[in-house]
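> Test case, fold it:
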Amino acid sequence: MFIIKRTLIIIMGLILLVYLSGCSNKDKDNIYGTYKFEKVSYLTPLSSSTIDFVNEQMEDTKYTIQADLFKIQSTDYTVEFNSPKYVKEKIQNNTSVLSYDIDTLIGSDVDYQYTIYDEDGDKAKWRLYVSSDCLWVGTYVDNTANGSEIIMDIYKLSK
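Model prediction:
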């Protein structure tokens, strides 16, 4: 009887260990998938394009976000990073004139962001913004004058 209880406890412990290790990667697993462009959520005032024009141009764009690939396929161009690194970060609130808080740009439901690094470990200038029910992708440039970042655009994605 003691051996049966002991075996049962060991088996339950192993099951719990496997379950908990699976939960630790849950956030990243939630971002993986194939998405399509839904709409422009933000476009920098520095852009020479209008939101309507960008919405039309990006209409058939497909985004592949996987552990080993970050790829954007549009009718005009393709962006591809093999072996990207997605670094989960707290939302950064920038304070320069052309940098707005994410809450201002796409709402206060954004839980966290992933900065994307290429296979060489360099920032790819792409970032994912994640909420419980939405995913956005954005581009940014460094504002070398004060070290902040200027968000160029943010697009809402859908599965």
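> Do you have the helices of this structure handy? List them.
2-23, 26-31, 51-57, 102-106 (DSSP state H).
> Please state the offset of stretch 149-159 from the chain centre?
9 Å (Cα atoms, centre = their mean, to the nearest Å).
> Check which residues of that stretch are buried.
149-157 (16 or more other Cβ atoms under 10 Å). No exception for glycine: its C-beta is placed from N, CA and C like everyone else's.
> Could you do stretch 128-135 as well?
128-130, 134-135.
> Could I get the buried residues of stretch 149-159 in CSV, plus columns for pLDDT and distance to residue 32?
What follows is those, written out as CSV (pLDDT from 0 to 100; distance: Cβ to Cβ, whole Å):
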residue, pLDDT, distance to residue 32
149, 81, 25
150, 83, 28
151, 86, 24
152, 90, 24
153, 92, 22
154, 92, 20
155, 95, 18
156, 94, 18
157, 96, 12
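> Pick the one among those residues closest to residue 86.
Nearest to residue 86, judged by Cβ to Cβ, of the buried residues of stretch 149-159 is residue 157 at 14.6 Å.
> Show me what the nearest residue to the closest one once chain neighbours are set aside is bridged to.
Counting by Cβ to Cβ, 6 or more residues apart in numbering, residue 35 is the residue found nearest to residue 157 once chain neighbours are left out, at 3.9 Å. Counting by DSSP bridges, residue 35 is bridged to residue 63.
> ok, now residue 42?
The partner residues for residue 42, given DSSP bridges, come to residue 154.
> Adjust the sequence numbering to begin at 4 for everything that follows.
I'll keep to 4 as the first residue from here, and by that count the last item is residue 45.
> quick one: the residue nearest to residue 160 and residue 161 touch, right?
Yes: counting by Cβ atoms under 8 Å, residue 161 is a contact partner of residue 38 at 6.4 Å.
> still on that earlier bit, out of the helices of the chain, point me to the one whose mean pLDDT is lowest.
For those, the weakest mean pLDDT is recorded on helix 5-26, namely a mean of 45.
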